[in-house]
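K.L.:
My questions concern the predicted model and sequence given below.
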Amino acid sequence: MKICITAQGETLASQVEERFGRAPYFILVDSETGSFEAMQNPYAAGAGGVGPKAAQLLIAHDIQALISGQVGGNAREVLVAAKIAMYTYRDGGPVKDALARFTNNTLAREG
Amino acid sequence: MKLAVASGKGGTGKSMVAANLAFTLAWTVPVTLVDCDVEEPNLHLFFPAPATTTDVTVPVPVVDETVCDHCGRCGEFCQFGAITVLCDRALFFPELCHSCGGCTYVCPKGAIHEHPRRIGTIATSLPRSNLKLFTGMLDTGNPHAVPIIRAAKELAAADPIVICDTAPGTSCPVVEALDGCDACILVTESTPFGLHDLRLAVDVAERLGIPAGIVINRSDGKDAQTLDFCAGHDLDVLMTIPFDRDIAAIQGRGDLLCQHRPEWQKAFFALFTRCSALAGVNR
C-alpha cells in the first residue's frame, strides 16, 4: 500500500505539515517494504486551486492513503472520488511518528 | 467623463462622496452611478428606488461524459485546479474556474462545452431625475467580483458622466473599477491608518496611469502628515470634510449631506470641476 504523508522536509525525521495542498513535501511510503521517497510539492506556492491539483498528483502516484493535518473541501472531494483514504495527524511530530501511528492503527480516519 | 471614487482604507467615506457628488451634479446634468463594491454595495441605501435586476453569468465548462475518454488534458491545462480528471469521471469546481475557456480548446474529443453560470446580479434604478444607478451584487459564496464590475461598467459605457464607487483596498476588484476611468478621487481620513492605505491607493492609481486627487474626510484639522504626503507626490487635496457631529448624524441616517445641508452642494460642484481639470476634460 502506498501512503502519502505531508511534510515540511524530505526525510522521515521531518515534521508533518498540517496543510495538504500547500505542504512543501509529500513523503511517499510503501507500507510493505518501508521504503520511501520525498516529492517536492509543485503547487506549494500556487495562487489557487492547489488542493485539487495536489490530489491529482496523489492519484497519478497511485497513493491509497493520505496522512495530513487538514484537507480542504475541494481536495477532499477529489480524494473521496478517487477512493484515497484520509487520516488526520495533528500532533506536530515527525513523519516517522505519523507513520508508526498509522501502522498501529491509532490515527483517526476522516472523509 | 468616467470618475472613480477609491480609498485604500475602508470606511473613509467613498460612498458618501460618490452619492453626494452624483446628487449634486444631477441637478444640472445626467449622471450615472455605478456601485462597483459588489461584495457589499451600499449606494442604493442613499437612493432607495424600485430596481430591475438582471443576472450576470460567466461561461463555465460542462463535460459530456458520453464523449470524454478521461485523458486528463483539461485538468493538466487548468492552472486554477478547477478540473480534476479521474479514471472514470471529471470533477469540476466552479468557484475555482476563471472562465478562460482553455479546457474546451485543449480537449481532443470536443467533449467540453461552455454553459453560462450565474455569479451575481446588476440592479438598475432611476432614483431621481437625471440620476441612474447600477448596483453590482455578487452572489454569496462566489469569489469572482471582477466580471460583475465589468458588466456594470459596460452598462454605463455610453453615459456622459459616470461615477464608479469602488471597493476598499487595492486588489483586483479595485483595479477593475479604476480601469478606463479618466480620473479618480481617493478618499482618506486623518488617521495613520488612513494615510498608510492612501499611499497604497496612490500607488495603484499611478501604476494604472489615472490622475488622482485627494478628499480628506472626517478631518480633525490635524492633517499635516497627509498634506505633506500629498505635496510630496504632487497630489491636489480637492476637498476637506470636517469631523462633525451633524454630518455624521445625517450620514448615519442614510441621508445625503447635500440634501440636508444644501450649502455643501457648492463644494461638491467644485469637487467635480477640479476632477474635470484633473482628467483634462472640459464639461
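P.N.:
Ah, there it is.
K.L.:
Setting aside sequence neighbours, what's the nearest residue to the residue of the stretch 151-283 of chain B found nearest chain A?
P.N.:
As assessed by Cβ to the nearest Cβ, chain A sits closest to B:Cys172 within the stretch 151-283 of chain B, at 11.7 Å. Using the backbone N, CA and C atoms, a C-beta is placed for each residue, glycine as well. Nearest non-adjacent residue to B:Cys172, counting by Cβ to Cβ, 6 or more residues apart in numbering or on different chains: B:Val146, 5.5 Å away.
K.L.:
which phi and psi does that neighbour have?
P.N.:
Dihedral angles of B:Val146 (phi, psi; degrees, to the nearest 10) stand at phi -60, psi -50.
K.L.:
Share the number of residues neighbouring it, please.
P.N.:
Look at B:Val146: counted by other Cβ atoms under 10 Å in any protein chain shown, it has 21 neighbours.
K.L.:
I'd say it and B:Val174 touch.
P.N.:
No: counting by Cβ atoms under 8 Å, B:Val146 sits too far from B:Val174 to count as a contact (10.2 Å).
K.L.:
Longest helix of chain A, counting residues only.
P.N.:
Longest helix of chain A, by residue count under DSSP state H: helix A:50-60.
K.L.:
I figured the residue of the stretch 151-283 of chain B closest to chain A hits B:Ala145, correct?
P.N.:
Yes: the criterion here is Cβ under 8 Å, and B:Cys172 meets it with B:Ala145 at 7.3 Å.
K.L.:
and the two? which has more neighbours close in?
P.N.:
B:Ala145 (23 against 13).
K.L.:
Can you tell me how far the more buried one is from chain A?
P.N.:
15 Å (Cβ to the nearest Cβ, to the nearest Å).
K.L.:
I'd say that residue and B:Ala177 touch.
P.N.:
No: here B:Ala145 lies out of contact with B:Ala177, judged by Cβ under 8 Å, at a distance of 9.4 Å.
K.L.:
Quickly list what's touching both of these two.
P.N.:
By Cβ atoms under 8 Å, 6 or more residues apart in numbering or on different chains, B:Ala145 and B:Ala177 have these common neighbours: B:Ala167.
K.L.:
how about B:Ala167, secondary structure?
P.N.:
coil (DSSP: H, G, I helix; E, B strand; the rest coil).
K.L.:
show me the contacts for it.
P.N.:
B:Cys36, B:Asp37, B:Val38, B:Glu39, B:Glu40, B:Ala145, B:Pro173, B:Val174, B:Ala177.
K.L.:
Mind telling me which residue of chain A is nearest chain B?
P.N.:
Counting by Cβ to the nearest Cβ, chain A gets nearest to chain B through A:Gly49 (2.4 Å).
K.L.:
Phi, psi for the closest residue in space to A:Asp30 that isn't next to it in sequence please.
P.N.:
Leaving aside its chain neighbours, A:Asp30 sits nearest to A:Lys2 (5.9 Å; criterion: Cβ to Cβ, 6+ apart). Note on A:Lys2: its backbone torsions stand at phi -100, psi 130 [degrees, to the nearest 10].
K.L.:
list the contacts for the nearest residue to B:Asp64 once chain neighbours are set aside?
P.N.:
Spatial nearest neighbour of B:Asp64, chain neighbours left out: B:Ala111 (4.8 Å); criterion: Cβ to Cβ, 6+ apart. Listed by Cβ under 8 Å, 6+ apart, the contact partners of B:Ala111 are B:Val63, B:Asp64, B:Glu65, B:Val67, B:Cys68, B:Asp69.
K.L.:
With B:Phe93 instead?
P.N.:
Contacts of B:Phe93 by Cβ under 8 Å, 6+ apart are A:Gly49, A:Pro52, A:Asn74, A:Glu77, B:Gly81, B:Ala82, B:Ile83, B:Thr84.
K.L.:
What strand or helix carries B:Asp246?
P.N.:
Element membership for B:Asp246, per DSSP states H and E: helix B:245-252.
K.L.:
hmm, who's touching that helix?
P.N.:
B:Gly13, B:Met16, B:Ile241, B:Leu256, B:Leu257, B:His260, B:Arg261.
K.L.:
Distance from the chain centre to it, please.
P.N.:
24 Å (Cα atoms, centre = their mean, to the nearest Å).
K.L.:
what does stretch A:86-98 give?
P.N.:
10 Å.
K.L.:
now stretch A:49-63
P.N.:
For stretch A:49-63, the distance to the chain centre is 10 Å (Cα atoms, centre = their mean).
K.L.:
circling back to that earlier point, what residues of whichever helix or strand comes after the helix holding B:Asp246 count as buried?
P.N.:
Next in sequence after helix B:245-252, counting helices and strands by DSSP H and E, comes helix B:257-260. Buried residues in helix B:257-260, counted by 16 or more other Cβ atoms under 10 Å in any protein chain shown: B:Leu257, B:Cys258.
K.L.:
Narrow the contacts of B:Ala167 to those that are buried.
P.N.:
Buried among the contacts of B:Ala167 by 16+ other Cβ under 10 Å: B:Cys36, B:Asp37, B:Val38, B:Glu39, B:Ala145, B:Pro173, B:Val174, B:Ala177.
K.L.:
can you tell me which residues contact the third one?
P.N.:
Contacts of B:Val38 were listed using Cβ under 8 Å, 6+ apart, and they are B:Gly120, B:Gly136, B:Met137, B:Leu138, B:Ala145, B:Ile148, B:Ile149, B:Ala152, B:Ala167, B:Pro173.
K.L.:
Which elements pack onto the longest helix of chain A?
P.N.:
strand A:25-30, helix A:73-81, strand B:83-85 (3 or more Cβ pairs under 8 Å, 6 or more residues apart in numbering or on different chains; DSSP states H and E).
K.L.:
how big is the angle separating the second one from helix A:50-60?
P.N.:
To tie it back to what came earlier, the one meant is helix A:73-81. Between helix A:73-81 and helix A:50-60, the angle comes out at 20 degrees (axes from the mean of the first three to the mean of the last three Cα atoms, to 10 degrees).
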